[in-house]
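Student: Here you go, sequence then predicted model.
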Amino acid sequence: MEVQSWTFLLVGLSFSLYIGIAIWTRASSTSDFYVAGGEVNPILNGMATAADWMSAASFLSMAGLISFMGYDGGIYLMGWTGGYVLLALLLAPYLRKFGKFTVPDFIGDRYYSNLARTVGIICALLISLTYVAGQMRGVGIVFARFLEVPIETGVYLGMGLVFFYAVLGGMKGITYTQIAQYCVLIFAFMVPAIFISIQLTGNPIPQLGFGGKLADGTYLLDQLDGLNQELGFHQYTSGSKGVVDVFAITLALMAGTAGLPHVIVRFFTVPKVKDARISAGWALIFIAILYTTAPAISAFARTNLIRATSNIPYSQVPEWFNHWEKTGLIAFEDKNSDGVIQYLAQPDLNELTIDNDIIVLANPEIAQLPNWVIALVAAGGLAAALSTAAGLLLVISTSIAHDLIKKQLNPAISEKKELLLARFAAGAAVLVAGYFGIHPPGFVAATVALAFGLAASSFFPAIVLGVFDKRMNKQGAIAGMISGISLMLFYMIYFKLGWFTHSIPPSSSWWFNISPEGFGSVGMLVNTIIALAVSRCTPPPPTHIQQMTENIRYPRRTETIA
Amino acid sequence: MKKYWSYNLKYLFILLTVWFSVSFGAGILWVEELNKIRLGGFKLGFWFAHQGSIYVFVVLIFIYVWLMNRLDKKFNVDEN
C-alpha cells in the first residue's frame, strides 16, 4: 500500500477510537467535567499526564533540535523531566490534599483574596492560550505534510475533533482519550527508533545502542564527534552555550514544568494523596521512555544524515531527499556549482539547509522502513498535539466557568448552568485556538517556548511558598507573582520580540548572560525574594488560613489544632 | 505532628540534593571533568546530561513515595 493510503487508514482508525472513547465517557457533573470525578487510577493518570504534557514539540521537534545542538540539547531533556521531581515532592500531594478543582482555586483560597485569584486566572490564561495556539498549528502542519491538504483544512479537522471530546466529555473524556493517545504516540515513536538502532548498532534497545559500536567497531558517539569536527561543527558531546545560560534554562524549564496549570490539574483527578505522589512517578516513567529514546534518535539520525548527504553528488542522493525537498524542509543550493553537496558549519560555504522537524518525520524513510511505519509517525504526531491541546482547552474553560464566574461574578449559579457554561467556554476556547492556529501571530512561536518562563516566575513560587511558608500572606504572594511575571514579560518583549528597540538586541547585551528562555529562573528568584520580604512587613494571614496550611501537610487530618 | 513535618523536610532536602547533583552538578557544572571518564561508548558527563539524570529522577520519585508511605503509617496519618 502507498504511504498516503496507510496514513488515511491509521489516522482514521485512531480518530474513531478517540471519538468512541469520548462518547463512552461523557461528563454528567461539574466534578466529572473539571477533575474526572476525582477517581482516576494513578497509573492511568500517569499515562494521561504523560500525553497531556508531551506536545507536538516533544514528539516532532525535540529529537531534531537535539540532533543539531548535541550536548546542549540536554537542557530540554533534563529540564522537562526534572520538573516532575519538583512536582512530586513539592506540589502534587499538597494540592491533592487541598482538593479543589484548579490552580487559581488554590491561589485564591490560600491567599484569601479574589485579587490573588484574578492574578492566578490571568497567568493561567496567558500561559495556556499561547501554548494551545502552537498545538493547533502543529495539528495543521502534520495534516499538511502527510495528507497533502492545506494547513487550514488540517486545523479545522483538529478543531472539530477536540471540540467533540473536550466539550462533551470534559476532564473525564479527555483523560481516557489521552490514555489512548499516549499508547499511539509512544508506539509510533519507538518503532522507528528500535529499527534504526538495530540497523546501526545491532542493539534493539535505542538507549543502549546510543552508547554502542557501529559496524566498523568504533563507538557511535566517537564517530559522530569526528564527523562533526571534520565539517567544522563543535563536537557532538560538547556544547556551544555558556554554562550560566545552560544552568538558567534548565532551571526555568524544570520550575516551569512544575508550574504549568494543565499539568498540575491532573493531580486533582486521583482519589488520594498517596495516589498523587505515585501518579507523578508513573507520569515520569511514561515520559522517560520517550525522553531517553529521543537523544538516541538524534545521534542516529545525525550520523545517517551526514553519511547520506555530505560530499555526495546531488544526482546520487536517495529518494527521500527529493521527496522532502518538495516540502522545503531540506534544501540544497549549489554555491560552488560542483554538483556535490557540501554540508559545513561555515554559513558562506554550507550548501545544505535542514529543518529540525525532518529528523523525526523523515527518519523512517532515511532508514528505509516500510510505509506503514511512516504513516504511524503521522498518527503519533497528531495524538501528541491533540492530547496537549485538549488539556489546555480544559484549563481555559475551567478558569472562565469556575474561577471567574462561579467563584467571583455569580456564586449562586446552579451546577447544571455551570456545566453548560464550562462546555460553552471550552467551545469558545477551541474557536480562539483554531483562529490562532490558522493566523499565527508572529509572537506565538516565541511565546510558546517562553510559557515555561511565565509559569516559573508566577505560579511555581506562589504555590511552593503557600505550602511551605505558613507565614506567607496575600500581600507577599500577590506582590511576588506580579513582579515575577512582569519582569519576565518585560525581558521577553525586550530581548526576544524587540518591540521596544525596533530590532532584537544582540545576545551580548543579555543580563548576566542569560537568554530569554532561561530568564524564568531570575523571575522566579525575584518573585520569591519580594514575596518573602513583603510578607514579613505586613500582618500574618488569619488563623483559619494558617490552619488550612497546616492541614494540607498531612494526608489524613482535618481536625483543628488548638 | 511537628516531627512528621520535620521528617518530611529532611527527606525533601536529601532527595533534592541528589536531584541537583545529577542534573545541575554532573550534567552541567562538572561536565568537563566527568567527560574524561568513560562509560562504554559514552563520556560520563554527556551521559548524565542526556540519559543518566532522567533515570535518577524516576528512581528519586519512587524512593520518595516509599519513604512517605512509611512515614504516613508511622504517624498514623495514612488515608484508609
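Tutor: Great, that's in hand.
Student: contacts and neighbour counts: CA atoms only from here.
Tutor: Noted.
Student: Report the contact partners of residue B:50.
Tutor: Residues in contact with residue B:50 (CA atoms under 8 Å, 6 or more residues apart in numbering or on different chains) are A:71, A:73, A:74, A:77, A:78, A:292, A:295.
Student: and with 10 Å instead?
Tutor: By CA atoms under 10 Å, 6 or more residues apart in numbering or on different chains, residue B:50 lies in contact with A:66, A:70-78, A:237, A:291-296, B:23, B:27, B:44.
Student: just residue A:211 next, same as before
Tutor: Contacts of residue A:211 by CA under 10 Å, 6+ apart are A:201, A:203, A:219-222, A:296, A:299, B:39-43, B:47.
Student: So which of the residues you listed sit within strands?
Tutor: Applying DSSP state E to the contacts of residue A:211, the entries found in strands are B:39, B:42, B:43.
Student: Below-threshold pLDDT in chain B: ranges please.
Tutor: B:80 (pLDDT under 70).
Student: Give me every residue in the stretch 1-150 of chain A lying close to chain B.
Tutor: A:66, A:70-90 (CA under 10 Å from any CA of the partner chain).
Student: so how far is residue A:199 from the closest residue to chain A within chain B?
Tutor: Nearest to chain A, among the residues of chain B, is residue B:41, at 4.3 Å (CA to the nearest CA). Using CA to CA, to the nearest Å, residue B:41 is found at 17 Å from residue A:199.
Student: circling back to that earlier point, can you select the buried ones among the ones in strands among the contacts of residue A:211 for me in ChimeraX?
Tutor: The following ChimeraX line selects those of these that are buried, judged by 16 or more other CA atoms under 10 Å in any protein chain shown:
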select /B:42,43
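Student: can you give me the helices for chain B?
Tutor: Ranges of helices in chain B, per DSSP state H, are B:2-20, B:31-34, B:44-47, B:53-74.
Student: Is the one residue in the stretch 201-350 of chain A that gets nearest to chain B part of a helix or strand, or is it coil?
Tutor: Nearest residue of the stretch 201-350 of chain A to chain B: residue A:211, at 4.3 Å (CA to the nearest CA). The three-state label for residue A:211, taken from DSSP: H, G, I helix; E, B strand; the rest coil, comes out as coil.
Student: which phi and psi does it have?
Tutor: Backbone torsions of residue A:211, given as degrees, to the nearest 10, read phi -100, psi 10.
Student: Quick one: distance of stretch A:6-26 to the chain centre.
Tutor: Here stretch A:6-26 shows a centroid-to-chain-centroid distance of 23 Å under the convention CA atoms, centre = their mean, to the nearest Å.
Student: Quick check: buried residues in it?
Tutor: Of the residues in stretch A:6-26, A:6-7, A:9-11, A:14-15, A:18-19, A:21-22, A:25-26 count as buried by neighbour count, 16+ other CA under 10 Å.
Student: what's the answer for stretch A:260-275, then?
Tutor: Across stretch A:260-275, burial judged by 16+ other CA under 10 Å covers A:260-275.
Student: Of the residues you listed, which belong to helices?
Tutor: Counting by DSSP H, the buried residues of stretch A:260-275 place A:261, A:262, A:263, A:264, A:273, A:274, A:275 in helices.
Student: Would you check that the fourth one makes contact with residue A:256?
Tutor: Translated: residue A:264. No: taking CA atoms under 10 Å as the definition, residue A:264 is not a contact partner of residue A:256, at 11.0 Å.
Student: Name the helix or strand for residue A:427, please.
Tutor: Assigned by DSSP states H and E, residue A:427 belongs to helix A:415-438.
Student: how distant is that helix from the center of its chain?
Tutor: 21 Å.
Student: Equivalent analysis for stretch A:543-552, please.
Tutor: That offset, for stretch A:543-552, works out to 33 Å (CA atoms, centre = their mean).
Student: element containing whichever residue of the stretch 451-562 of chain A sits closest to chain B, please.
Tutor: Per CA to the nearest CA, residue A:556 is where the stretch 451-562 of chain A lies closest to chain B, at 4.9 Å. Under the criterion of DSSP H and E, residue A:556 resides outside all helices and strands.
Student: Show the contacting residues for it.
Tutor: A:97, A:272, A:273, B:72, B:76, B:77, B:78, B:79, B:80.
Student: again with residue A:259
Tutor: Residues in contact with residue A:259 (CA under 10 Å, 6+ apart) are A:83, A:86-87, A:91, A:103, A:124, A:253, A:452-464.
Student: quick one: low-confidence ranges for the stretch 451-562 of chain A?
Tutor: A:557-562.
Student: can you give me the helices for it?
Tutor: Applying DSSP state H, counting those that start in this stretch to the stretch 451-562 of chain A gives helices spanning A:459-468, A:474-492, A:520-537, A:543-551.
Student: closest one to residue A:412 among those?
Tutor: helix A:543-551 (24.0 Å; CA to CA).
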